[in-house]
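>>> got a sequence here, can you model it:
(2 chains)
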Amino acid sequence: MRIRVSTGMLLLAAAWPLALLGACVAPATASAQAKAEVMAVKIDNFTFGPAELTVKAGTTITWTNRDDIPHTVVSAEQAFKSKALDTDDTFSSTFSTPGTYSYFCSLHPKMTGKVVVQ
Amino acid sequence: MPEKTDALPDAPHEDGVDRRGFLKCMTWAGTGALCVVQGGVLKSYSLSKTPKLTPTSGELSFVQISDSHMGFNKPANPDVAGTLTAAVDKINGLGTPPEFILHTGDISHLSKPDEFDTVDQILKGASAKKVFYVPGEHDVLDDDGRQYRERYGKGTSGAGWHSFDKKGVHFVGLVNVLNLKAGGLGTLGGEQLEWLEDDLRHLKHSTPVVVFAHIPLWSVYPEWGWGTEDSAQALAYLKKFGSVTVLNGHIHQTMQKVEGAVTFHTAASTAFPQPQPGAADSPGPMKVPAERLKSILGITDVTYRRGTHSLAVVDSSLA
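The predicted structure is shown next:
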């Protein structure tokens, strides 16, 4: 019994550093992920803001419609296309390949924006 | 039409032909104006002074409604079903019952099935049972208009364009809200323009033509997308006719222009108003005091008398 308890305690003791190590590793991984960023574009007043956004490859951009009318986010080269976004709806797209991506609102095509991926 | 009725002595001086030959007939908030174009001359009459018309033979009367945006529920109008119902009541109260209704699009707000269903249901209460449609950009969301055509596309071609004849008047419904390009305006496209040329080819030049489409077919305000980039080609095909009336929606306010034999007219919305060109940062829903709302929503009553040159286009507000 004492041996078992001791083994148990030894195992537990052995487990502790691993647990601590895990606790140390986790935040580091989270911050590494945070560096693959999520950038935001706000849609309001028939405007994409910012209208031009430069990001690193691998960035995810999330568009949020704050206008009181629906809008869409449609790539001019058909690289991405959102459904109709009503007020507070969002659309996200991850940009892995460098390049320039022009987009517009297919309901109000005078609304245009650009993503530059480096 | 009230040929012998005097124009109001205190009518706004914007009535009548200006030096450049353009006419503007605006329905000012709180009033209903009857704009009659005869022989190129515009006269304005208050609706309250216009005698009730009795139908005579060879007369055609129909109503245009537009931009019902069923499903919209923001402060500019939290009850678009109520205001559409008020529009139907207005239609049913007209002195001359209309033969049919033209809906110039944005029937729904988000192309949702229940939104279309609700409009269908409300319009069933109108005295005129037949409704002809063209889609607005809000009716063709996410599916390039597939649902719109399933519901309203019977007898139409392509994206939903079509024509029909009533009492000697030729009606053409055009679709200019699909395949919009970045930075662009409304567009008709080559296939539709070819169809239009063919459709009009064998008509006599004396046939009155009514063209209806959602986005204005003239350049109202390009900065806000209020125009159609290839409408010039369509208007070229219409040039041979002695009387052309173009009825549009999309801008949620009444506006009129006459150019030669063509009268362009946009209808008010039955849902919410939008600002006048350039009067705001953007063309979004315009909030007005609740008691004023119905006075700037409205319907358009159109009458044709056989043998007359032009159609009479009457805007009336819901209150």
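
>>> quick one, phi/psi of B:A81?
Here is the backbone geometry of B:A81 (degrees, to the nearest 10): phi -70, psi -40.

>>> tell me the secondary structure at the residue nearest to it when sequence neighbours are not counted.
Excluding the flanking residues, the one nearest B:A81 by C-beta to C-beta, 6 or more residues apart in numbering or on different chains is B:T118, at 6.0 Å. Quick note: C-beta positions are derived from backbone N, CA and C, even for glycine. State at B:T118, reduced to three classes by DSSP: H, G, I helix; E, B strand; the rest coil: helix.

>>> I'd like to know how far B:T118 sits from B:L174.
25 Å (C-beta to C-beta, to the nearest Å).

>>> quick one, which of these two is more surrounded?
Neighbour count, other C-beta atoms under 10 Å in any protein chain shown: between B:T118 and B:L174, B:L174 has more, with 28 against 19.

>>> quick one: pLDDT of the more buried one?
In this model, B:L174 is scored at 98, pLDDT.

>>> right, and it touches B:A234 too?
Yes. Between B:L174 and B:A234 there is a contact under C-beta atoms under 8 Å: 7.1 Å.

>>> overlap in contacts of these two?
Common neighbours of B:L174 and B:A234, using C-beta atoms under 8 Å, 6 or more residues apart in numbering or on different chains, are B:L188, B:L196, B:V211, B:L217.

>>> can you flag which of these belong to helices?
Counted as lying in helices by DSSP state H, out of the shared contacts of B:L174 and B:A234, are B:L196.

>>> show me what contacts the residue nearest to A:F104 when sequence neighbours are not counted?
Using C-beta to C-beta, 6+ apart and skipping the chain neighbours, the partner closest in space to A:F104 is B:A182 (3.7 Å). Taking C-beta under 8 Å, 6+ apart, we find B:A182 in contact with A:V74, A:A76, A:S102, A:Y103, A:F104, A:P109, A:T112.

>>> ok, which stretches of the chain are strands?
Chain wasn't specified; assuming chain A. A:38-44, A:47-49, A:52-55, A:59-65, A:74-75, A:90-95, A:99-104, A:112-117 (DSSP state E).

>>> ah, I was thinking of chain B
Under the criterion DSSP E, chain B contains strands at B:33-38, B:41-46, B:59-65, B:101-103, B:131-133, B:162-166, B:169-173, B:209-212, B:244-248, B:255-259, B:262-266, B:298-305, B:312-317.

>>> those into JSON lines, with extra columns for distance to chain A and mean neighbour count?
As requested, the strands of chain B are exported to JSON lines (distance: least, C-beta to the nearest C-beta, whole Å; neighbours: other C-beta atoms under 10 Å in any protein chain shown):
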{"stretch": "strand B:33-38", "distance to chain A": "28", "mean neighbour count": "21"}
{"stretch": "strand B:41-46", "distance to chain A": "31", "mean neighbour count": "18"}
{"stretch": "strand B:59-65", "distance to chain A": "20", "mean neighbour count": "24"}
{"stretch": "strand B:101-103", "distance to chain A": "18", "mean neighbour count": "25"}
{"stretch": "strand B:131-133", "distance to chain A": "18", "mean neighbour count": "20"}
{"stretch": "strand B:162-166", "distance to chain A": "23", "mean neighbour count": "16"}
{"stretch": "strand B:169-173", "distance to chain A": "20", "mean neighbour count": "21"}
{"stretch": "strand B:209-212", "distance to chain A": "20", "mean neighbour count": "25"}
{"stretch": "strand B:244-248", "distance to chain A": "16", "mean neighbour count": "26"}
{"stretch": "strand B:255-259", "distance to chain A": "19", "mean neighbour count": "19"}
{"stretch": "strand B:262-266", "distance to chain A": "17", "mean neighbour count": "24"}
{"stretch": "strand B:298-305", "distance to chain A": "20", "mean neighbour count": "22"}
{"stretch": "strand B:312-317", "distance to chain A": "23", "mean neighbour count": "23"}
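
>>> now the strands of chain A as TSV including mean pLDDT and mean neighbour count?
Shown next, in TSV, are these (pLDDT from 0 to 100; neighbours: other C-beta atoms under 10 Å in any protein chain shown):
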stretch	mean pLDDT	mean neighbour count
strand A:38-44	96	17
strand A:47-49	97	17
strand A:52-55	97	15
strand A:59-65	97	19
strand A:74-75	97	18
strand A:90-95	97	17
strand A:99-104	97	18
strand A:112-117	97	19
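
>>> wait, B:D315 sits on B:V302?
No. The criterion here is C-beta under 8 Å, and B:D315 misses it with B:V302 at 10.1 Å.
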